[in-house]
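Engineer: Next one to model:
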Amino acid sequence: MIEGLFRLDFIERNENIIFIGQCGTGKSHCSIALAKAACEKGYSTLFSPTVDIINHLSAAAAVNNIERTIKKYISPRLLIIDEIGYLPIDKQGANLLFQVITKRYETGSIIITSNRPFKEWPKIFNNDSTITSAVLERLLHHSHVAVIERESYRMKDKVTV
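Structural biologist: Below you'll find the predicted structure:
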């Protein structure tokens, strides 16, 4: 499935990709490789960790510059949101990320990496089931989900006791 994504048809169809798996399984690596391929084909692409997006949007909201800042995240044909779920997101952060996802819905592709299965996503979004449902509905409507189940690349050469 992942090899087929490198045809980049998902970008033309404004579809999303969600990579789910434990730490060290290659989720970010795959998303970076797809971003590189997209750039080589001329697609505008932006890669950012979730925490950086939220911090950037929060700072913009504090100075009433939110609309202009959101445009940064809705303009590229491909947006990669890396590591969603590694750190908790407060209510404001959840609302801001929701705005980006909503404004990109059916107009641009998103790749998301997460170490959390969907059933744990309410914990990511401050236990707000409404935002969690709305985010998942928009992301999953036109999507490819790749659950990566393997040992960590980082730990493969480590001896376990």
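Engineer: where does the chain have low pLDDT?
Structural biologist: 153-161 (pLDDT under 70).
Engineer: What is the burial count for residue 34?
Structural biologist: Counted with other C-beta atoms under 10 Å, the neighbours of residue 34 add up to 24. For the C-beta atoms, the positions are set from N, CA and C on the backbone; glycine is no exception.
Engineer: can I assume it is in contact with residue 4?
Structural biologist: No: applying C-beta atoms under 8 Å, one finds residue 34 not in contact with residue 4, separated by 11.2 Å.
Engineer: tell me the secondary structure for the most centrally placed residue in the chain?
Structural biologist: In the chain, the residue lying closest to the centroid (C-alpha atoms, centre = their mean) is residue 112, at 2.4 Å. Following DSSP: H, G, I helix; E, B strand; the rest coil, the label given to residue 112 is strand.
Engineer: pretty sure it is touching residue 85, no?
Structural biologist: No: assessed by C-beta under 8 Å, residue 112 is found out of contact with residue 85, at 9.3 Å.
Engineer: which residues does the residue nearest to the centre of the chain contact?
Structural biologist: 16, 17, 18, 19, 80, 81, 82, 84, 139 (C-beta atoms under 8 Å, 6 or more residues apart in numbering).
Engineer: if I look at the closest residue to residue 122 other than its chain neighbours, how far off is residue 97?
Structural biologist: When the adjacent residues along the chain are set aside, residue 122 lies closest to residue 132, with 4.6 Å between them (C-beta to C-beta, 6 or more residues apart in numbering). Going from residue 132 to residue 97 by C-beta to C-beta, to the nearest Å gives 11 Å.
Engineer: Same question for residue 149.
Structural biologist: Per C-beta to C-beta, residue 149 is found 26 Å from residue 97.
Engineer: and what of residue 5?
Structural biologist: 23 Å.
Engineer: And the helix or strand containing residue 17, what does it pack against?
Structural biologist: Using DSSP states H and E, residue 17 maps to strand 16-21. For strand 16-21, the elements it packs on are helix 27-40, strand 109-114, helix 129-141, strand 143-148, judged by 3 or more C-beta pairs under 8 Å, 6 or more residues apart in numbering; DSSP states H and E.
Engineer: The longest one to strand 109-114, inter-axis angle?
Structural biologist: In other words, helix 27-40. 160 degrees (axes from the mean of the first three to the mean of the last three C-alpha atoms, to 10 degrees).
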